[in-house]
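Visitor: Below: sequence and its predicted model.
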There are 2 protein chains.
Amino acid sequence: MPRASAGPVPVVVMGLGVIGQEIARAAQLSPEVELIGAMDANPQLVGRPLGEVLGTPALKVKVAGSLEAAVGRRKGVVLLHATGSRLEQVMDQLLDAVNLGMPVVSTCEELAFPFLKYPELAEKLDRAAQKAGVAVLGTGVNPGFVMDRLVATLGQACGPVRHATVTRVVDARTRREALQRKIGAGLSEDEFFALVDKEQMGHVGLVESAALCALGLGLDCDDFEEEIVPVFAEEDITGGAFPVKKGRVAGIFQSAVGLEEGQERVRLELTIAVGADNPGDRIEIEADSKLELEIRGGVPGDRATANTLVNAAPRVTAAEAGLLTVLELPAGR
Amino acid sequence: MPRASAGPVPVVVMGLGVIGQEIARAAQLSPEVELIGAMDANPQLVGRPLGEVLGTPALKVKVAGSLEAAVGRRKGVVLLHATGSRLEQVMDQLLDAVNLGMPVVSTCEELAFPFLKYPELAEKLDRAAQKAGVAVLGTGVNPGFVMDRLVATLGQACGPVRHATVTRVVDARTRREALQRKIGAGLSEDEFFALVDKEQMGHVGLVESAALCALGLGLDCDDFEEEIVPVFAEEDITGGAFPVKKGRVAGIFQSAVGLEEGQERVRLELTIAVGADNPGDRIEIEADSKLELEIRGGVPGDRATANTLVNAAPRVTAAEAGLLTVLELPAGR
């Protein structure tokens, strides 16, 4: 039966970058959580009123330099974590929070399905979380929602799935300048691939989405392949943070494919480019029955990522201890 | 962490009408469940090989006349229940199953959210299920998926929701003749409203979906209103099980609205009519950010309902005891 709510869940945000700030703002708006503080390693932020950083002056609590200081004496505080995409980089932060007895919801893309690339770190984190009696979850919009959780949900109305295709097209002009730079807009082909070689180009988390997608649809994929290529401007592109000349890189096209005994079962295709045509999220499941879903325009990145974290906070509080995936989250608030 | 599966969950189907048969077929196809038997009250079915009823001859188990006979000595059997839309009609069957220690997944539309119309029956069922240590769930496509669970899932990427609109349009020509009759195709306006007055016309479960939708989106609706009117044929309609003349009833338009202090917060609109234009399922959530989702053609009714029941069976086995809603189901298989 629908249970009575135990009141808002206290949360602390770690990492006050663009996404961390969005999370803090979303937390302020949600009746389900109570934003009690934030921490950041940047000494220029520590000690400043959080509301000043966020542009919401009412929030007078000061940015802390440590998690302990941000949490204070409050019990049952959930950490909303937004400091990095790579699991190895944030592993110590996650373990610290877990060892403080805090459930964690993180934007760390590789944490969305860490079992694929980092089975040992995943097991270590799972054990620590179970020992501490808290749940740990990686989520966001991508990975965490449009290319995995939503696909698995749609699959609940399908019989055995033969194949799933998920495409996400983002016109980067609708996103911040840093993202337009990150996807290589304005670069030459050589500059683009030089960054690919240095693993400094490309969206982190697509293959994790592919693995989640397969698992959520009951597909037993034994291999995953990723590819990244540039999208070139077919004409001069304006309207973004900076103009992109015809022939230069407009952004990325990235794919992740899941295979079962050599046969393709899931295909995820992500285009993020300035001027990308027909932006949106599309899911096609081949099964009985075949289903096609479209979100025209697509689920927006930063804002919706913040919402998925905030909405997950009360869910992880109620969840079984251990390392979770979004596939285990319930549908409702 | 993704846990190892404990093998297929044994299931028994109760009620071998059109939907019950679809469920049994879907169960045969799913690697997650094992169809071990079926029961039906119809003496003409009892004793016949189930495969003969389903048209899948390999299945030699005989249709039982009682639940005990269908289950035999197997433990942990989930009941897939498809005998009626009204909770009062099926309450005893549900209690019998629960008292036998069986988790239940049912197509009973009013069971999808029984707290609205039948709080006492809901509490009785919840208590019995908790006492027996099993979970009970009402699901299907509508209610149970397109107009509630999927809406709540989409809402996970949104901030506080101001309003949600969900429309489902079904061209009844793609459905069986019984359904075309059920929605009044071919009737006069007077005949249609005579059946409405006798509560023999209209889709059961729309207001339950509205309540689930509101709850899943974090909306605190205190009142729900339903309406049903005929859709008239604007021209002669062919292509269905029987022709419908211009001016006669082509089907139903039904709405359910959830209000909070007099203000509309959710609106569900269902059109089922022969020749209905632009069939599909559409969700529009007004929030930060605004999201619009479309499933062109729509999730098909009977087949997908069967799949939602079969896919839910392993989930209810793992769930907390008591009366559940689809909002508590995880996204993945």
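Guide: Great, that's in hand.
Visitor: Please name the residues that touch the nearest residue to A:R175 once chain neighbours are set aside.
Guide: Closest residue to A:R175 apart from its sequence neighbours, by C-beta to C-beta, 6 or more residues apart in numbering or on different chains: A:G301 at 6.3 Å. All C-beta atoms are positioned from the backbone trio N, CA, C, and that covers glycine. Contact analysis of A:G301 by C-beta atoms under 8 Å, 6 or more residues apart in numbering or on different chains lists A:141-142, A:170, A:175, A:179.
Visitor: Tell me the residues of the stretch 201-333 of chain A that contact chain B?
Guide: Proximity of the stretch 201-333 of chain A to chain B (C-beta under 8 Å from any C-beta of the partner chain) is limited to residues A:212, A:215-218, A:288-289, A:291-297, A:299-300, A:303-304, A:307-308, A:310-312, A:322-323, A:325-333.
Visitor: Tell me which of these fall in strands.
Guide: Secondary structure from DSSP state E places A:291-296, A:322-323 of these in strands.
Visitor: PyMOL command to pick out the buried ones of those residues?
Guide: Buried residues within these, by 16 or more other C-beta atoms under 10 Å in any protein chain shown, are selected in PyMOL with:
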select buried, chain A and resi 291+292+293+294+295+322+323
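Visitor: Mind putting the ones in strands among the residues of the stretch 201-333 of chain A next to chain B into TSV with pLDDT?
Guide: What follows is those, written out as TSV (pLDDT from 0 to 100):
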residue	pLDDT
A:L291	97
A:E292	97
A:L293	98
A:E294	98
A:I295	98
A:R296	95
A:G322	98
A:L323	98
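Visitor: now, among the ones in strands among the residues of the stretch 201-333 of chain A next to chain B, which is nearest to B:V90?
Guide: Distance to B:V90 across these (C-beta to C-beta) is lowest for A:L291, with 28.9 Å.
Visitor: Chain neighbours aside, what residue packs nearest to A:D236?
Guide: Closest to A:D236 by C-beta to C-beta, 6+ apart is A:K246, at 5.2 Å.
Visitor: The one you found and A:G186 touch, don't they?
Guide: No - under the criterion of C-beta atoms under 8 Å, A:K246 makes no contact with A:G186, lying 11.8 Å away.
Visitor: Settle it for me: which of these two has more neighbours?
Guide: A:G186 (22 against 11; other C-beta atoms under 10 Å in any protein chain shown).
Visitor: Could you pull up the residues touching that one?
Guide: A:242, A:244-245, A:248-249.
Visitor: same deal with A:A128?
Guide: A:A128 neighbours (C-beta under 8 Å, 6+ apart): A:95, A:98-99.
Visitor: Retrieve the pLDDT associated with it.
Guide: If you check A:A128, the pLDDT there is 98.
Visitor: ditto for A:D288
Guide: 86.
Visitor: what do you get for A:E234?
Guide: At A:E234, pLDDT is 96.
Visitor: Mind listing what's buried along stretch A:162-176?
Guide: A:163-175.
Visitor: Neighbouring strands of the helix or strand in which A:L259 is found in the sheet, and parallel or not?
Guide: Using DSSP states H and E, A:L259 sits in strand A:249-260. Here strand A:249-260 is paired, per DSSP bridges, with strand A:223-232 (antiparallel), strand A:263-273 (antiparallel).
Visitor: Top of the contacts of A:G186 by number of neighbours, please.
Guide: A:V244 (28 neighbours).
Visitor: Report how many residues lie close to A:R303.
Guide: 20.
Visitor: Can you tell me the closest non-neighbouring residue to it?
Guide: B:S289 (5.2 Å).
Visitor: Verify the contact between the one you found and A:G297 for me.
Guide: No - if you go by C-beta under 8 Å, B:S289 and A:G297 don't touch, sitting 9.2 Å apart.
Visitor: Identify the residues contacting the nearest residue to A:I295 once chain neighbours are set aside.
Guide: Spatial nearest neighbour of A:I295, excluding adjacent residues (C-beta to C-beta, 6+ apart): A:D281 at 4.3 Å. Contacts of A:D281 were listed using C-beta under 8 Å, 6+ apart, and they are A:146-147, A:150, A:166-168, A:294-295, A:298-299.
Visitor: So what pairs up with A:D281 in the strands?
Guide: A:R168, A:I295.
Visitor: Kindly state the pLDDT recorded for it?
Guide: 98.
Visitor: same thing with A:G301?
Guide: 84.
Visitor: go on, the one 3 residues further on?
Guide: At A:A304 the predicted local distance difference test score is 96.
Visitor: one step back: out of the strands paired with strand A:249-260, indicate the one that is most buried.
Guide: Highest mean neighbour count among the strands paired with strand A:249-260 (mean count of other C-beta atoms under 10 Å in any protein chain shown): strand A:263-273, with a mean of 22.
Visitor: what is the rounded mean pLDDT of it?
Guide: The model assigns strand A:263-273 a mean pLDDT of 98.
Visitor: Return the distance of it from the chain's centre.
Guide: 17 Å (C-alpha atoms, centre = their mean, to the nearest Å).
Visitor: Could I get the CA-only coordinates of it as CSV?
Guide: Extracted in CSV, the C-alpha atoms of strand A:263-273 (Å, rounded to 0.1, in the frame of the first residue of the first chain):
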residue,chain,number,x,y,z
GLN,A,263,25.0,-11.2,-33.0
GLU,A,264,24.0,-7.6,-32.3
ARG,A,265,21.3,-7.3,-29.8
VAL,A,266,21.4,-3.6,-28.6
ARG,A,267,22.6,-0.6,-30.5
LEU,A,268,22.9,2.8,-28.9
GLU,A,269,23.7,5.8,-31.1
LEU,A,270,24.5,9.2,-29.7
THR,A,271,24.9,12.4,-31.7
ILE,A,272,25.9,15.6,-30.0
ALA,A,273,26.7,18.3,-32.5
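Visitor: Sounds good, over and out.
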